[in-house]
Structures are given as C-alpha cells and as structure tokens.
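S.K.: only geometry, no sequence info:
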C-alpha cells in the first residue's frame, strides 16, 4: 500500500517540474500544475487500486473472510450440520472458550504441547547450532555431503520418516533397543509407553527439523567477521571464549529468527503424533492442534474454532516473549 | 471521521448478523414420523445418473454398472471413485453446496449425519428391508426411516490356530466366556504361545472388539434418543475384556501391525477380526496354512446369544437427484441376489442380501459360512450423528481399562457422562 501512494505523488512532482521549466510561465504553470496534479493523482490512484485489486480480492476472500467467519464461529455453537444455514446458530459468547479451559483432554493436550515446545525447541536449536559450527569450522572434507545429509530429513515425507522411526523404535526388533541391549539396558516399548512416547516424538521432530535451522545458522556464522576472531585470538581468547563473546552475540538476530519460527512450528505440532501414535497411549502425545483437528472432524466447528484461537493467542504470547528476551539491546 | 463511520457500519453489520442468528425450533427433531419414500416407477428408467463410491468399490463398480446399462436402454451410469480419506469432507461439502450425486456408497456411521442434513431420500417401500441381514439393515435406518440399503457387509469372528489349539487339548473353540478365556490361557501355557489372544488394548476402533462382547451379554448401547453405556451388561463385558489383560493372556501394549505375523508364527494364536484377514494370513502363512487355522463365533456368557459387529457400506439416493427412478432402480438392481453374488466374485465383498448366501460361490466355503451365520445376529452401533465422537471417548476409556487397570464401571460412567454432554445430535 505504501508504494502505491508514494510513487504517483513523486511522479506528478516530476511532471510539474517539467512544466514549469519556463520561468515566465511559472505562476500560471504552478496553478495549472496544481490542477493536473489532482487529476493525475486521482487517475493514478485509480490505476493503483486496479493493480492492487487482484491481491485485495484474494486477500479478502481467502484470508480476511475466513478470519471473520472463524471468529464468528468460535462465538457460536456451529456444528457440521449447520453448514447449509451458517447463520442459523445460537450465539454462545465465550462458552466455547471456557469449555475448552475446563476440558480435561484439551488441558492434557496443552500440557503435551508445552512439553514438546519447551524440550523440543532448545534441543532442535542446539543440534542445529552444533551441526552448523561443525560444518563451518570442523568438517573440511565432504562438507556438502554432510550438509545434504543433515538437510535430507527436512525434505523427506513425514510418512516415510514415520515408517522408518517405527522400525527403529520397535520394542523387540528395533535398532534402538538392540543397541542399548548390547550395554545391558532393557529398552522400553518407546511408542507404547506413556513416559517414553513423547520423548520419542521430540527426538524424531528435532531430527527432522534441525536441518532448516542449521542452514540458517550456517549463513549467520559465515557473516561473523573473521577479523574479530583474529583480534580476540591475539588478545589471548581461546575458542570457547571467542564463541561465547563473539559468535553468540553476533548470531543473536539469527537465533531469534530460528527460535521464533521453530517455536511457532512446534506449538502447532500435529504430524508426529498423527502418524506415529494417534495421540496415544492414553492421550500422552495428543497435541493441541491434533485435538482441534479431531473436534473439527467431529463437526464441532464452533468449539474447534475457539480452540484454534486459543492456540493462536499462545503463539502470539510466546513469540512476544522471545522477541523481548532475544532482541538486540542497543 | 471516516474510521468512525466505518466502525459504525461494522458494528451495525455485526449486530445484524448476530440478531439473524439462532436456531429454528422446528426442523428435524426426534419426533419426526417414520417415512417411506414415494413409489418409484420402473417405466422411466433412462438417462444419466452420477454415482460416487469409495476405495476398491469405486474402482470396480464401473464394470458392474456396465451390466446395468446393458439391461436398460438409454441409461448411463457415471461412477466417480473417491478416496476414503477425503470422502467424508467431499460429501459434506457437496451437501452444503447442493452438488450431490444421484446415488452414493455411504459409510454406515455417516447415515445419521447425512440424514440429519436432510440430504438423503427415504427408501421406497418396494425395497424389501427383510431381505437384508437385520443388523445391517438397521445401519440404514435413522429415526425410524430407512434412508438407504446395505450394499455389502462384514463382521468379526475369532480366528484361531487349530494346530496350537490341539496341542493345548482343544478340538473346537468353547462357546462360553469362561471356556474361551481358559482356552486362550491354555494355548499360552501348553501350546507354547507367547500370548493367548491378540485383543486391541483400547485406542481407535477398539469398540469394535468390546461392544460385540457387550451385545452377547444382552446390552443395548442406545435407546430411542440416548446412549446407555453404564448398564451392568456393558460393565460385565468390559470386566471380561479387562481380565484378558490383567491375567496376562493378552498383551496390553502390542507393537503395531504385528497381528498377522504373530498369528502365522504362532506367537499369538488367536485374534478377532473381519473376513479380509483370511487372505492376509493365508498369504503370509504360505501354502497349507488354510488348514492350520479356523474361525469361530464370538463367545457368549451364560444365557446370551452370540453377536458381533456388522460393518460394511450402504447405498443411498440423495434428495437432490433429478433422476430418482433410475437412481433407485440402480440401487435395487445392486441388491438383487444375482448382482450381489457377481459383486462378491469381483471384490470379495460379502453380500448384504441373505438369499445371496445360498449361492454355491458362498455356500461351498465353510469359513465364509461361519461369517454368514454370525451376520444373522451381528449388530450395528446406533445411527446417531454423534456416534464417532462418543465412541472416541469410549476408545480412550477402554485404553485406560486395558493398560492402566481402570475400574470398568468408572470408565463406563465417564463414557456415559461424555456421551450425555455430547448428546445424540439428532
């Protein structure tokens, strides 16, 4: 929008300047320029609107309208069978929201989501940073091979990943239990245990997602000027000190970006329990998004819309906190 | 100034919308009288009809439909195959938009919902509802009105390894609850099996294992307009189900997708499932495996009658059809015994019409006949639109019963409370 209004204005100034080239004509020229200024401006404003129209129409139909409708839904008792008559529903105020807060399964789902985010995000970031550092400094040979290897899980279909991980985590024949069996540990039934199902999903999600964060960290690391490291090294700083006092502070914007995007993704985690555990055992891996999805599929549109807004509010709050903690202090 | 006006307009608009809200008091209530569809005329069978079918049925139906086209001049049947995953959404969208097909295959648990949306056409009286298995026919009935017919059916039986049973000293499966559990235990102790039986320990779909036990115990899951999960009949069945886990006869956390492999290897020599499992275990077990296993009816408590879960799919005609006569004629033709046998030969889908079972194609297969016998008493869950939602809470509670030793009665009370807060949705 900003460019649509500023550009025509600048152009009409140019034209006026051209018209007032003759000093004698200056006074009249200014007046005339003023008139053509408004006409031209109006015409260009119209052109701008026409150019912006396709976007506006799409935006209003597919973004603004669903937002309005879902807000409306969240305040009513809309059900699947009301689809034909979307306005013939009862207005229930904030009932859906209070119902959600009292719903034991939603509470469990919220707890699971918090668990997933609080463990998963730091884990993913640490893995990504470690891999990025290794690729930036440590690994000389086969760098692109490793980079590809770490990134492959990101572009692999979750369904394929799920099949492989289910094999790995199989209680009797799985690789994980076989390996820890060598050192005498009797591995649990990972996905069948209420204690271990969630850690298994967190491990899988971190493994699957750290590639993206790693690529971004790698870019961030390469923008850290080598001269700073050199100067610090001359002053006697060792590698750890240089990482702590040079790399990390300069990487702060990158960390902020990665942690915000990862947290937003993880707060909505859905695929992992959907393909691996179906929320079980005993709802120990059901996520807020997955529970919302279930409610949608039961046709409780009003309730599900309210749940979606609760998730949205939590995402906004978490993102705001991250900005506050990680923002650059000038 | 401008923004104030805008705000005013918005507020007024919202207020208008909100006052426009509110449900009509009338509409489809529970008091609607049972309906029979208008008679159809067999003379105007002509023109085009659109038919939707899911999964393998959608792929195979065009071939069968050709035979209908051959028999009726001027009729074109357009079959659209729909993947199961997106089928429910596609139906609800098309009902909302008024773009429904003429005829469609409808999942038995969707009947209540679609009928509640006033989308389905009541079946005409010329279709003989007593020709079908009773349990299957009931899935097409919503609120006393038949909104379709059963197309094909399936039911659940006990699969057991005859060789391992013999080792444990059994030549046939005891039909009573106690004897049945003892047999599972004996197969584990004397037959060398790891677990006696594979029972789904709660979780999605476990009601299909538990409810048949309750039905054999005489339970009614639903009355006219309410769910009844907390009755003693259901509780006894759940206790019986739980005893398999607490006595160590069934594995409370089995690895996923192992049932068939464990059955053929003999590790878990019993499970309860549908007719499709025959092909799977016979493929997996290799040559001669068909002689090593058999099927038996669901065991009953003292004084009960064996029952099972009846599944399958129905055929329904949508109200918005502009070719009602041809649509119903096609449905009627699909449920003729001869067509049902052809369909069985094409797809292995079991006929919903009882007389079709007299055909040699079915009657000559002993294991299949066992399914046919079970179908006579098999029952379906109530056709309330909220069934899927209610049963999810049932499945969760059953998981607690199987894995966390929850008290059966308390679990059922929780299901009942949930069911009452959800309502029947009618």
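M.R.: Looks like it arrived, so ask away. Keep in mind that this is a model prediction, so the values were computed, not measured.
S.K.: end to end on stretch A:69-89, go ahead and measure it.
M.R.: With CA to CA, to the nearest Å as the measure, the ends of stretch A:69-89 fall 13 Å from one another.
S.K.: so residue B:294 sits in a strand?
M.R.: Yes: with the criterion set as DSSP: H, G, I helix; E, B strand; the rest coil, the secondary structure at residue B:294 is a strand.
S.K.: that one contacts residue B:164, correct?
M.R.: No: with contacts counted by CB atoms under 8 Å, residue B:294 stays clear of residue B:164, the gap being 11.4 Å. In short, each C-beta sits where N, CA and C put it, glycine included.
S.K.: which of those two has more neighbours?
M.R.: Each of residue B:294 and residue B:164 has its neighbours counted (other CB atoms under 10 Å in any protein chain shown); residue B:164 has more, 22 against 18.
S.K.: ok, the more buried one to chain A distance?
M.R.: The spacing between residue B:164 and chain A, counted by CB to the nearest CB, to the nearest Å, is 20 Å.
S.K.: quick one, what contacts that residue?
M.R.: Going by CB atoms under 8 Å, 6 or more residues apart in numbering or on different chains, residue B:164 touches B:187, B:191, B:192, B:193, B:266, B:269.
S.K.: any stretches of the chain with poor pLDDT?
M.R.: Using chain A here. When residues are selected by pLDDT under 70, those of chain A lie in A:1-36, A:328-330.
S.K.: that was the other one, I meant chain B.
M.R.: Scanning chain B for pLDDT under 70 picks out the ranges B:1-33.
S.K.: before we move on, the earlier item: now a PyMOL select for only the buried ones of the contacts of residue B:164.
M.R.: Buried subset of the contacts of residue B:164, written as a PyMOL selection, criterion 16 or more other CB atoms under 10 Å in any protein chain shown:
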select buried, chain B and resi 187+191+193+266+269
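S.K.: so which residues on the stretch 51-200 of chain A come close to chain B?
M.R.: By CB under 8 Å from any CB of the partner chain, the residues of the stretch 51-200 of chain A that approach chain B are A:72, A:76, A:79-81, A:83-84, A:87-91, A:105, A:166, A:170-172, A:189, A:191-193.
S.K.: kindly recompute the last result at 10 Å.
M.R.: The interface of the stretch 51-200 of chain A toward chain B, taken as CB under 10 Å from any CB of the partner chain, is made up of A:68, A:72, A:75-92, A:99, A:104-105, A:166, A:169-174, A:188-189, A:191-194.
S.K.: which of those are buried, as a ChimeraX select command?
M.R.: Remark: buried members of these, expressed as a ChimeraX selection using 16+ other CB under 10 Å:
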select /A:72,75,76,77,78,79,80,81,82,83,89,92,99,105,166,169,170,171,174,188,189,191,192,193
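S.K.: interface residues of the stretch 301-426 of chain B facing chain A?
M.R.: Taking CB under 10 Å from any CB as the criterion, the stretch 301-426 of chain B approaches chain A at residues B:385-386, B:388-390, B:392-393, B:395-396, B:399-400, B:402-404, B:406, B:414, B:418, B:421-422, B:425.
S.K.: for ChimeraX, what selects the buried ones among the residues you listed?
M.R.: For the buried members of these, the matching ChimeraX selection, counting by 16+ other CB under 10 Å, is:
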select /B:385,386,388,389,390,392,393,395,396,399,400,402,403,406,414,418,422,425
